[in-house]
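Undergrad: Got a predicted structure plus its sequence, pasted below:
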Amino acid sequence: MEHQAIWAIIIFLIAYALIISEKIHRTIIAMIGGLLLIGFGIVDQETALHHVDFNTLGLLIGMMIIVSITSDTGLFRYIAILAAKKAKGRPVHILIVLALITAIGSAFLDNVTTILLMVPVTFSITRQLRVTPIPFLIAQIMASNIGGTATLIGDPPNIMIGSAVKELTFAAFISNLAPIVVIIMAAYIPLFILLFRKQIQTTPDRIKNIMELELTGVISDSKLLIKCLTLLGLTIAAFFLHQVLHVESAAVALAGAFVLLLITGEHRMEEAFSKVEWTTIFFFIGLFVLVSGLVETGVIANLAEQAIELTDGDPVATSMLILWLSAIASAFLDNIPFVATMIPMIQEMGNMGVQNLEPLWWSLALGACLGGNGTLIGASANLIAAGLSAKEGYPIRFMSYLKIAFPLMLLSIVLSSVYIYLRYLI
């Protein structure tokens, strides 16, 4: 192995270990790791920038702006209160309804944003019921990662895959992944009831308090709401048509964001930009540069060659290897850096003669997104929910979450294995 390849691996592994340890913020580690690669001459600056996926970054920024403005209308709080009332104030029913709202929201907004919006509302409802919010939050974490699996924009791994493989359109993600997402959510609902019903018992008086919550006045700006929903609807429609329009998904999201800023007034721009998760954006930038070192030094090509040798290029074995490897790795590592490493590896398999890469891409998407449910550090949405819960005095313990979530995650991967085999490999 060449000297530069060894240094690329060392820097990548050290950065990865520090990201997992959470001793230093992952964005700082990713950026320093990427800059070290440039500083040591493993990749030059121009090559590093070539590997930064600006389509992924633009899509994330655009959707964050749209959602931040929409949240100012009170829409998300309105939906949650309405759901609680429709569930007759019963805690178990509310838990299921909020989980379903989170899953649907995560498909069309993105799971991180949906969690940021749903957690405060969940605390408002559980305070009225005087029950622990932790079962509600665990159900929402899992629902966010499941729902986010269904679409191109729902989960960062899907955004990255869709950006790297132009043939995988917004419509393709829905038609290929939404069916198994529906099956998994249907399997989880009775399990949520079984696992959590005893922990969230409450009294008739507290149920009555929920039923008496007023919806009047929750929507603070109806004119703004109409503008937001119109632009959000047009943006999602454009995602479906972006290949017909020959416009990249990032351009669609950014166009939606800036047209919304135009029609709602530039006074909203500063606040909207302040709500963009710039730490996440710079984490992606550092990560893309870190992976560029592995690509440019041939490490990724070597890994792809070994994977093909292991499976003999058999489509069934290769798909299952990627699905299960992605799931287990994404449970214990953040799924974003893992997917960033896997994308060029699968592309390299195509260069080595694997004819049909489609099952491999869907296996990677399912494994990475659903595997993120396995532990608290598996996905960004998990960490955000845990952080918000801890601030409210309800810390979600790593092992407590693991005992519930890891077996459920394995169930989702078993279901995904059957789905991938029956749909693509028979």
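TA: Great, that's in hand. Residues are numbered from 1 along each chain as shown.
Undergrad: For this structure, list the residue farthest from the centre, please.
TA: Distance to the chain centre peaks in the chain at Asp205, reaching 37.8 Å (criterion: Cα atoms, centre = their mean).
Undergrad: residue contacts, Leu18?
TA: 24, 26, 29 (Cβ atoms under 8 Å, 6 or more residues apart in numbering). For the C-beta atoms, the positions are set from N, CA and C on the backbone; glycine is no exception.
Undergrad: residues near the closest residue in space to the second one that isn't next to it in sequence, how many?
TA: The spatially closest residue to Arg26, leaving aside those adjacent along the chain, is Ile19, at 4.5 Å (Cβ to Cβ, 6 or more residues apart in numbering). In terms of burial, Ile19 registers 26 neighbours under the definition other Cβ atoms under 10 Å.
Undergrad: From Ser144, how far off is Ile19?
TA: According to Cβ to Cβ, to the nearest Å, Ile19 stands 21 Å off from Ser144.
Undergrad: now Leu360
TA: For Leu360 relative to Ser144 (Cβ to Cβ), the value is 25 Å.
Undergrad: neighbour count winner among the two?
TA: Neighbour count, other Cβ under 10 Å: between Leu360 and Ser144, Ser144 has more, with 34 against 24.
Undergrad: still on that earlier bit, among the contacts of Leu18, which are in helices?
TA: 26, 29 (DSSP state H).
Undergrad: Just the buried ones from the contacts of Leu18?
TA: Using 16 or more other Cβ atoms under 10 Å as the burial test, those include 26, 29 as buried.
Undergrad: Could you list which residues are in contact with Met64?
TA: 113, 275-277.
Undergrad: quick one, phi/psi of it?
TA: phi -60, psi -40 (degrees, to the nearest 10).
Undergrad: Could you check the pLDDT of it?
TA: You'll see Met64 listed with a pLDDT of 82.
Undergrad: Equivalent analysis for the one 10 residues further on, please.
TA: According to the model's per-residue confidence, Gly74 sits at a pLDDT of 85.
Undergrad: contacting residues for it?
TA: Counted by Cβ under 8 Å, 6+ apart, Gly74 has contacts 218-221, 225.
Undergrad: hang on, the earlier thing: tell me which element the residue nearest to Arg26 falls in.
TA: helix 3-21 (DSSP states H and E).
Undergrad: my guess is Asp72 meets Leu224, correct?
TA: Yes. Look at Asp72 against Leu224 with Cβ atoms under 8 Å: they come within range, at 6.8 Å.
Undergrad: my guess is Ile65 contacts Thr264, does it?
TA: No. Under the criterion of Cβ under 8 Å, Ile65 is not in contact with Thr264, lying 10.7 Å apart.
Undergrad: Which one's more surrounded, those two?
TA: More crowded of Ile65 and Thr264, by other Cβ under 10 Å: Ile65, with 23 against 19.
Undergrad: Distance of the closest residue to that one other than its chain neighbours relative to Pro190?
TA: The shortest distance from Ile65 to any non-neighbouring residue, by Cβ to Cβ, 6+ apart, is to Ala257 (3.8 Å). Separation of Ala257 from Pro190 (Cβ to Cβ): 39 Å.
Undergrad: Comparing the two, which residue is more hemmed in?
TA: Per other Cβ under 10 Å, whichever of Ala257 and Pro190 has more neighbours is Ala257, with 24 against 10.
Undergrad: For the chain, give me the ranges with low pLDDT.
TA: Flagging of the chain using pLDDT under 70 yields the residue ranges 1, 242-243, 304, 333-334.
Undergrad: Just want the most central residue of it.
TA: Central residue of the chain (Cα atoms, centre = their mean): Asp155, at 2.7 Å.
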